Structure formats: C-alpha cells, structure tokens
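K.L.:
Next one to model:
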Amino acid sequence: MSVLKAINGALVVQCGSGGSIESIILDPGDLAGARGSTFHELLKPDAAAEAANLLAEALEFGFASRRELGLRSTSVKWHFVGAATGNGHVVILAAATQARLVRLCQAPPGELVCDTTLSEEIKRAGARMYEQGQADLKLIEELAQLNSEMSGIQRELAKRNAELAHKEIERNRLIGFVAHDLRNPLGVINGYADLLLEDAQLSAEERSQYLEGIARSGQTVLRMANDLLDLMKIESGELSMELCDFSIAEVVLSHIELNRMQAQSKRIALKCEVESAPKVVRIDPVRIGQVLDNLLTNAIKFSEPGDEVTVRVDRRDELVVIEVADQGVGIPADEIGHLFQPFGRTSARPTGGESSTGLGLAISQRIVAAHRGRIEVESALGAGTTFRVVIPVVAAGT
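P.N.:
Sure, this is the predicted structure:
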C-alpha cells in the first residue's frame, strides 16, 4: 500500500492484535521501512509498556487514548488514540497538536489511503480523541484552579496561625504584666488587713489610714480589672459601640468636670475651648468619654502643681479634632512609639506618685480606631505633651 504525507504532524497506522504494523495509512515523514515492525518498536523504550496497555484497552473496549507517547525517531510527543476494528485489527492515530487532530478528522476522501469504512472509523476515533482531549484540558484547568485556591487557603491558614501564635505570645506577656502589677496593690490590701486584724490597740487615726490604703489599692485593682476586660473585648472584636449623633462639646465639658477635683488637688488649672466644635458628631459618647478621662487623668498625673491642662475642640473640614495639652514632664521622643502598647510605659513618672494600669492609652487608641479615627502625640521633655484625637464628623446637621 502506498503512503500519503498530506497532513504533517499526524500519523495513522493499522496494526494486528499483537501490535505488528500491517499498513501505514498516514506517514508524518519518518516511518519509511516501518512496515513489518511492531508498534512498540516505533516508540521510545520508556513508552513500550504504555503502548502495550493502549493496544490491550483498544482490543477490549474498542477505544483507548493516551495524552502523550514519544516516537523513537523524533522528539515530538504525540497524542495517540487506539480504535479496534471489526476484524480484530487496531488503528493507531497520533497528532502532535489538537489542530493537527482536527485536520485529521476533517480529511477529505482520498487523503487517507484506506477504504471508506476504515476512513470513517479513523475520523470517528479522532473525534473521540479530540473530545477526550478537551475534557482532559478542562479537568487540568479545574485542577489548576483548585490547586490555586488550595494554595490561597494554605497561605491564609499560615497567616492565621502566625497571627494566633503572635496573639498567644501577647496574651502570655499581658498575663505576666497583670500578675506583676497586681502584686503591689494586693500586697497593700493584705498588709493593712492583717494589721487591722492583729492589732486591737490601733488608734482611730491609724485605722482610718489603713482603711484608706485598702480602699485606694482596691480601686487600683478594680480599675485594672475593668481596663483589662475592656482590652480583651476590643482585641476579640466583642466591644460594643453604640454610635449616635451627639454634642462633642457636651461630652468634653462633662468629663472636664468629672476630672476637676483631681486637678484641684494638685493645684492644676483645667481650661476648655469648645467654641469651634461641630454641633453634633457620630460617636459613642460613653466610649469617647472614656478616652477623654484617660487623656485628662494622664495630663494631670504628669503635670506639676501650678501647671495648666487645656482641652480644645475644633472642626477641620469633615474631621473633629480634640486636643488635650499639658505643660508637664514630657515624653522622650524614642519612647512615644511604646505609648499605645498594653503596659507600654515610658520613663516619665507621675509628679504626685499616682498609679497607672498601663492599659488606658492602648484602650483609647482602639476606641478611636473603632470610630475610624486616630490619636496623634506631640511631646518635648520638660515642655509638656499634646494628645490629639482625630475622628470623622459623619453626622447630619453639623
């Protein structure tokens, strides 16, 4: 039988059931003298076993396909299909690309050197191979997409695990700080309580002094417990915010009055400038009041007798700015970055020996962040500190 070389990159041979080549229906150009050899001998050694499986499946099921098989005489990898004919012969089809396979399926009469029945079987087998190839490509795409999604999930899990590990370290660190800071007030409470229980001869003045010490230390413990609970709620996303349109001037003035007695005890003047404040701002007034209390308390703690603490409220475009400025001891520039960390204390010390939980500024920053705002700090040693709360107005009728 003659050989036709009309379709480059395509191969069609007819084999016996054992794989011996009986005829070459379409030659890609390098099969001269192949007739009489076996199909296995056309392939590279590592493909022989796969070729035997291909023939066996074709004989048993009428059709078999493989995505790739390599010919011994060329570096081209072929896509093969085996189709068993009615008389026990097997036709092997190969195409270097899907385009060549389509070309093979569309071959006009006479282009394939064989009878019409075999030609139609070859085309049908080629069509099945194309459909299988398309299904394989779709599966590969789906697997690639799934692999990409799995990689994304793994990256997210790795990120979450790292975050959890960091939070665990921070939690342990926080517990250590709490245990350390609770030791002193609890020691004072126990000490004074023991003195009151053991010495029945204490004067009324001594008893009053010890009870005042117990009360002060108890308030410190309670304040620390409340601050710690607030911080834990914030960090876990459980802190509830009840936003409403509220007068920011009213919040500021009321909390200045709440802190006035503390300021007067140190002969510190509290001043307030709220004339430029917007009428209403979308805030949680209780939480913003908590921020103001913390900033005012700190300003008073770190101010000397005779100093002034000034609170200013101003509107800048669509932002409201609340400043709490003192004339106190100031904060070293390289320590400002530690202010908003839990227990992130600086080397600055309260001027009246006041205590601090070390959690107030951390809580304040997170409350302001929940209002989509920020806290800024300016400070100079010996010249005072200004804390600036900046939050969006976000309210009607302002």
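
K.L.:
quick one: Ala380 and Pro332 touch, right?
P.N.:
No: using Cβ atoms under 8 Å as the test, Ala380 is too far from Pro332 to be in contact (9.7 Å). In this view, the C-beta of every residue, glycine as well, is placed from N, C-alpha and C.

K.L.:
which secondary element of this protein has the worst mean pLDDT?
P.N.:
Ranked by mean pLDDT, DSSP states H and E, the weakest helix or strand in the chain is strand 77-84, scoring a mean of 64.

K.L.:
Following the chain onward from that one, which element is next?
P.N.:
strand 90-95 (DSSP states H and E).

K.L.:
Describe which strands that next one pairs with in its sheet and in which direction.
P.N.:
strand 10-15 (antiparallel), strand 77-84 (antiparallel) (DSSP bridges).

K.L.:
same for the longest helix seen in the chain, what does it pack against?
P.N.:
Ranked by residue count, the top helix of the chain under DSSP state H comes out as helix 116-198. Contacts defined by 3 or more Cβ pairs under 8 Å, 6 or more residues apart in numbering; DSSP states H and E place helix 116-198 against strand 64-70, strand 77-84, strand 90-95, helix 98-105, helix 204-235.

K.L.:
Give me the angle between the shortest one and strand 64-70.
P.N.:
Counting by axes from the mean of the first three to the mean of the last three Cα atoms, to 10 degrees, strand 90-95 lies at 50 degrees to strand 64-70.

K.L.:
ok, how many other residues are close to Leu157?
P.N.:
Leu157 has 10 neighbours, counted by other Cβ atoms under 10 Å.

K.L.:
Can we start the residue count at 199 from this point?
P.N.:
Yes, from this point I'll number from 199; that puts the last item at Leu355.

K.L.:
Quick one: residues contacting it.
P.N.:
Taking Cβ atoms under 8 Å, 6 or more residues apart in numbering, we find Leu355 in contact with no residue.

K.L.:
now, of the helices and strands packed on helix 314-396, which is deepest in the fold?
P.N.:
strand 288-293 (a mean of 25; mean count of other Cβ atoms under 10 Å).

K.L.:
what are the C-alpha coordinates of that strand, in CSV please?
P.N.:
Provided in CSV are the C-alpha atoms of strand 288-293 (Å, rounded to 0.1, in the frame of the first residue of the first chain):
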residue,chain,number,x,y,z
VAL,A,288,-6.2,-1.9,15.7
VAL,A,289,-5.8,1.5,14.1
ILE,A,290,-3.4,3.9,15.9
LEU,A,291,-3.9,7.6,15.4
ALA,A,292,-1.5,10.2,16.5
ALA,A,293,-1.4,14.0,16.4
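
K.L.:
and that strand, how far from the chain's centre?
P.N.:
Distance, stretch centre to chain centre, for strand 288-293: 52 Å (Cα atoms, centre = their mean, to the nearest Å).

K.L.:
what does stretch 447-466 give?
P.N.:
The answer for stretch 447-466 is 43 Å, by Cα atoms, centre = their mean.

K.L.:
Distance to Lys321 added to the helices and strands packed on helix 314-396, as a markdown table?
P.N.:
Formatted as a markdown table, the helices and strands packed on helix 314-396 follow (distance: least, Cβ to Cβ, whole Å):
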| stretch | distance to Lys321 |
| --- | --- |
| strand 262-268 | 15 |
| strand 275-282 | 10 |
| strand 288-293 | 9 |
| helix 296-303 | 5 |
| helix 402-433 | 69 |
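
K.L.:
Wait, Glu511 touches Ala475, no?
P.N.:
That one is not Glu; residue 511 is Val. Yes: applying Cβ under 8 Å as the test, Val511 and Ala475 come out as touching, 3.9 Å apart.

K.L.:
which intervals of the stretch 449-596 of the chain have sub-threshold pLDDT?
P.N.:
Across the stretch 449-596 of the chain, the ranges flagged by pLDDT under 70 are 542, 553-555, 593-596.

K.L.:
Next, show the common contact partners of Val511 and Ala475.
P.N.:
Counting by Cβ under 8 Å, 6+ apart, the contacts common to Val511 and Ala475 are 446-447, 450, 518.

K.L.:
among those residues, which are in strands?
P.N.:
Of the shared contacts of Val511 and Ala475, the ones assigned to strands by DSSP state E are Val518.

K.L.:
Filter the shared contacts of Val511 and Ala475 down to the ones in helices?
P.N.:
446-447, 450.

K.L.:
List the residues that contact Ile573.
P.N.:
538, 559, 562-563, 566, 585-588.

K.L.:
next one: Tyr408
P.N.:
Counting by Cβ under 8 Å, 6+ apart, Tyr408 makes contact with 390, 393-394, 400.

K.L.:
In CSV, list the residues you listed along with distance to Leu468, neighbour count and pLDDT.
P.N.:
Output for those, formatted as CSV (distance: Cβ to Cβ, whole Å; neighbours: other Cβ atoms under 10 Å; pLDDT from 0 to 100):
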residue, distance to Leu468, neighbour count, pLDDT
Tyr390, 33, 19, 87
Leu393, 37, 15, 88
Leu394, 37, 15, 89
Leu400, 38, 14, 85
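
K.L.:
Name the SS class of Arg543, please.
P.N.:
Secondary structure for Arg543, judged by DSSP: H, G, I helix; E, B strand; the rest coil, is coil.

K.L.:
Tell me how the chain divides into domains.
P.N.:
The record's domain split for the chain, according to automatic domain parsing, is 208-337, 354-433, 442-590.

K.L.:
Provide the partner residues of Asp443 in its beta bridges.
P.N.:
Arg480.

K.L.:
I'd like the distance between it and Leu490.
P.N.:
18 Å (Cβ to Cβ, to the nearest Å).
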